[in-house]
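Chemist: Generate a structure from the sequence data that follows.
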Amino acid sequence: MSQFVINLLFVGASFALYIGIAIWARAGSTKDFYVAGGGVHPITNGMATAADWMSAASFISMAGLLASGGYANSTFLMGWTGGYVILAMLLAPYLRKFGKFTVPDFIGDRFYSRTARLVAVICLIVASVTYVIGQMTGAGVAFSRFLEVSNTWGIWIAALIVFLYAVFGGMKGITYTQVAQYVVLIIAYTIPAVFISLQLTDTVIPGIGMFSTHAESGIPMLEKLNQVINELGFQDYTADVDNKLNMVLFTLSLMVGTAGLPHVIIRFFTVPKVADARWSAGWALVFIALLYLTAPAVGSMARLNLATTVYPEMAGQVEDYESAAENALVYEERPEWVRTWEDTGLITFEDKNNDGRVQIYNEGNEDFAETAEERGWNGNELSVNNDILVLANPEIANLPPWVIGLIAAGGIAAALSTAAGLLLAISSAISHDLIKTMINPKITEKGEMLAARISMAGAILLATYLGLNPPGFAAQTVALAFGIAGASLFPALMMGIFSKRINNVGAVAGMLTGLIATLLYIFTYLGWFFIPGTNMLPNTPDNWILGISPLSFGAVGAMCNFAVAFVVANATAEPPQEIQDLVESVRYPKGAGGAVDH
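Modeler: Residues are numbered from 1 along each chain as shown. I've put the predicted structure just below:
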């Protein structure tokens with residue numbers, strides 16, 4: 001049986017499961033559509049939250065970024081998990097006590113302002129659409145390889161599958177589909193990692209294997225990795241980071257962005273009680289940890305496997321790295337996995353010195369240029385998209401075909417589960433917060449459900465178009481979304497819960513300041529609305545203000561939001577007494593009713 005047929009069986013079976021669950025759990029009311037009826041068990045909700053949370057960025061892209069950047073990219077791990085603790089402890093139970101369907105619902109009512117609600121809807125849509133671009137990019141990568149189609153067709157297929165189960169199932173269908181997707185993605189992530197850890201280090205647990213002895217050379221795995229990549233002009237995998245300010249701001253940006261993500265927050269409205277919101281968050285952290293503790297090992301082992309595939313003589317005990325570097329892989333003898341990924345366009349080869357061999361090294365390192373010239377190298381010849389490393393890992397390690405089929409299903413599950421949650425957040429913001437609350441309060445429940453489904457379909461089309469022209473790798477695009485959510489929604493939620501003094505004018509001024517400042521900084525370097533060629537400055541460290549990357553600016557935007565909101569609120573009238581009483585009641589979560597409509 002060919003690899004393509006095995007991939008089809010695994011992916012097809014998982015699709016049948018997801019769509020079957022969506023039909024079984026089809027939303028029959030707006031409460032089912034928005035909050036799954038409000039009766040989801042905390043463990044079930046924790047698993048669904050973990051799947052919602054562990055997107056294509058976590059499954060496909062994060063280990064790829066760790067593989068390429070080493071310790072410097074561990075900020076993704078620290079920021080995302082740290083933010084989840086903030087969300088679980090400071091936001092989730094209080095928002096559940098408030099008992100509404102959506103984030104704009106809370107902001108609109110807490111700040112007693114239609115303008116605040118509208119600004120929250122805009123912030124939510126901008127952050128969610130940016131985030132969903134990353135999911136469509138990741139899904140396109142997975143589909144293009146495993147269904148052997150172009151990246152463009154991969155994205156269109158992903159859009160169709162999400163449309164089928166998200167539009168019809170709503171939150172009820174999405175919740176139970178995400179439970180299935182979590183099981184698929186965690187098995188798909190850990191089984192190849194265990195195999196590869198056993199191959200490289202004779203250790204079953206990948207996280208321990210990463211710090212164990214490399215079987216073939218007899219030296220510690222990370223030391224071996226450092227030796228190999230040093231010989232190719234790269235800095236140590238475990239090297240420290242020079243720009244500490246940018247690292248701290250980037251980690252903070254991911255943390256506050258995580259805590260402000262509407263598609264994760266909305267999950268805490270689906271449980272019966274306030275205590276269940278806390279337990280859901282706790283269980284979600286447990287389920288997330290299973291993948292996040294494995295990701296650094298997957299990244300480091302993928303990096304070593306890739307380097308030793310191109311330079312096979314570097315794999316064992318090396319006396320002379322110089323001669324090992326000269327005996328690089330002959331292009332015509334390249335492994336089958338390289339050929340299949342070349343067909344997708346995500347691996348490209350250019351024989352710059354016409355020697356028929358593959359050279360992969362750090363051509364941007366000026367200190368290494370002389371060594372490269374002595375070896376007869378005229379530039380890096382193999383370009384590998386970061387997003388493929390996790391998906392290609394089983395093939396690089398020559399694992400059985402069924403493992404490759406399993407990781408195909410897992411990568412696709414990760415992208416689709418988060419895309420569905422984001423699209424639900426977008427559609428509920430449009431149908432519930434804009435149409436039902438602001439434009440046509442008399443709309444029937446059937447009319448609101450129709451509006452939700454139409455707006456979700458529109459959001460899928462927009463996300464698909466932007467996924468075809470993404471502003472970066474999946475995890476980098478997602479980091480931008482976190483920055484936008486952290487700069488706009490997170491401060492408003494925190495101040496809404498913990499400060500009775502913040503009024504409607506302060507909240508609106510803060511949200512607009514945070515959103516506009518962050519978007520302007522991002523668009524300056526990445527192009528207006530991410531359109532290629534429209535950036536005003538090159539996206540390089542020497543052009544960044546104080547060395548702050550566009551990916552890190554969300555933390556600065558959040559600080560601006562807090563500062564402006566406090567100054568404006570203290571210069572204007574206090575909120576009405578009933579709003580101050582509301583804040584007081586929300587802060588002491590002794591119980592909560594069901595999620596209520598207006």
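Chemist: Now residue 399: phi and psi?
Modeler: Reported as degrees, to the nearest 10, the phi and psi values for residue 399 are phi -80, psi 160.
Chemist: what's the neighbour count on it?
Modeler: 18 (other CB atoms under 10 Å). Yep, even glycine has a C-beta here, placed from its N, CA and C like the rest.
Chemist: so it makes contact with residue 192?
Modeler: Yes. With contact defined as CB atoms under 8 Å, residue 399 counts as touching residue 192 (6.1 Å).
Chemist: residue boundaries of the strands in the chain?
Modeler: In the chain, the strands defined using DSSP state E lie at 347-349, 382-384.
Chemist: Can you say which of the ones you listed is packed in most?
Modeler: Mean neighbour count (mean count of other CB atoms under 10 Å) peaks for strand 382-384 among those, with a mean of 18.
Chemist: List the neighbouring strands of it plus their orientation.
Modeler: Using DSSP bridges, the strands paired with strand 382-384 are strand 347-349 (antiparallel).
Chemist: contacts for the strand it pairs with?
Modeler: 331, 338, 341, 342, 358, 381, 382, 383, 384, 385, 388 (CB atoms under 8 Å, 6 or more residues apart in numbering).
Chemist: What would stretch 180-187 look like as CSV? C-alpha coordinates only.
Modeler: Extracted C-alpha coordinates of stretch 180-187, given in CSV (Å, rounded to 0.1, in the frame of the first residue of the first chain):
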residue,chain,number,x,y,z
ALA,A,180,-11.6,14.0,19.1
GLN,A,181,-9.0,16.3,17.5
TYR,A,182,-7.0,16.6,20.7
VAL,A,183,-6.8,12.8,21.0
VAL,A,184,-5.7,12.6,17.4
LEU,A,185,-3.1,15.4,17.6
ILE,A,186,-1.5,14.4,20.9
ILE,A,187,-1.1,10.7,19.7
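Chemist: Could you pull out the buried residues of it?
Modeler: Residues of stretch 180-187 classed as buried: 180, 181, 182, 183, 184, 185, 186 (neighbour count, 16 or more other CB atoms under 10 Å).
Chemist: Helices - which of these land there?
Modeler: Here DSSP state H is the test, and the buried residues of stretch 180-187 give 180, 181, 182, 183, 184, 185, 186 as lying in helices.
Chemist: between the buried residues of stretch 180-187, which is closest to residue 490?
Modeler: Residue 490 has its nearest neighbour among the buried residues of stretch 180-187 in residue 182, at 25.1 Å by CB to CB.
Chemist: so that closest one sits right up against residue 287, yeah?
Modeler: Yes. Residue 182 lies in contact with residue 287 (CB under 8 Å); the separation is 6.4 Å.
Chemist: So, low pLDDT: which residues of the chain?
Modeler: The chain contains residues with pLDDT under 70 at 25-39, 101, 165-166, 168-173, 471-476, 588-598.
Chemist: mind giving me the domain ranges of it?
Modeler: 3-301+396-484, 316-393 (automatic domain parsing).
Chemist: Over to the first one now: how far is its first residue from its last?
Modeler: Domain 3-301+396-484 has its terminal residues 41 Å apart, counting by CA to CA, to the nearest Å.
Chemist: That one: how far from the chain's middle?
Modeler: Taking CA atoms, centre = their mean, to the nearest Å, the mean C-alpha location of domain 3-301+396-484 is offset from the chain mean by 5 Å.
Chemist: OK, contacts around the closest residue to residue 204 other than its chain neighbours?
Modeler: In this structure, residue 204 finds its nearest non-sequential neighbour in residue 194, 6.0 Å apart by CB to CB, 6 or more residues apart in numbering. Contacts for residue 194 (CB under 8 Å, 6+ apart) come out as 204, 205, 206.
Chemist: Which one (most neighbours) among those residues?
Modeler: Result: residue 206 is most packed of the contacts of residue 194 (other CB under 10 Å), 27 neighbours.
Chemist: What distance do you get for it to residue 342?
Modeler: To residue 342, residue 206 is 28 Å away according to CB to CB, to the nearest Å.
Chemist: swap in residue 111?
Modeler: 54 Å.
Chemist: okay, and the common contacts of residue 182 and residue 287?
Modeler: With CB under 8 Å, 6+ apart, residue 182 and residue 287 have common neighbours 47, 50.
Chemist: hmm, back to that, now the contacts of residue 194 in CSV, with distance to residue 212?
Modeler: Putting those into CSV (distance: CB to CB, whole Å) gives the following:
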residue, distance to residue 212
204, 10
205, 9
206, 10
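Chemist: In helices only, show me those residues.
Modeler: Applying DSSP H to those, the entries found in helices are residue 206.
Chemist: sorry, back to before: among the strands of the chain, which is nearest residue 276?
Modeler: So among the strands of the chain, strand 382-384 is nearest, using CB to CB, at 44.1 Å.
Chemist: Off-centre distance for that closest one?
Modeler: Distance, centroid of strand 382-384 to centroid of chain: 23 Å (CA atoms, centre = their mean).
Chemist: same thing with stretch 359-367?
Modeler: Centroid separation for stretch 359-367 versus its chain: 29 Å, with CA atoms, centre = their mean.
Chemist: list the buried ones in it?
Modeler: Quick answer for stretch 359-367 (16+ other CB under 10 Å): 359, 360, 361, 362, 363.
Chemist: what's the most distant pair in the residues you listed?
Modeler: Farthest pair in the buried residues of stretch 359-367, by CB to CB: 359 and 362, 11.1 Å.
Chemist: in the stretch 151-300 of the chain, which spans are helices?
Modeler: Under the criterion DSSP state H, counting those that start in this stretch, the stretch 151-300 of the chain contains helices at 151-201, 206-209, 221-230, 244-259, 262-265, 274-292, 295-310.
Chemist: Dump the ones you listed into TSV; add distance to residue 404 as well.
Modeler: TSV is the format used below for those (distance: least, CB to CB, whole Å):
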stretch	distance to residue 404
helix 151-201	8
helix 206-209	18
helix 221-230	23
helix 244-259	31
helix 262-265	30
helix 274-292	19
helix 295-310	14
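Chemist: Understood, closing this out.
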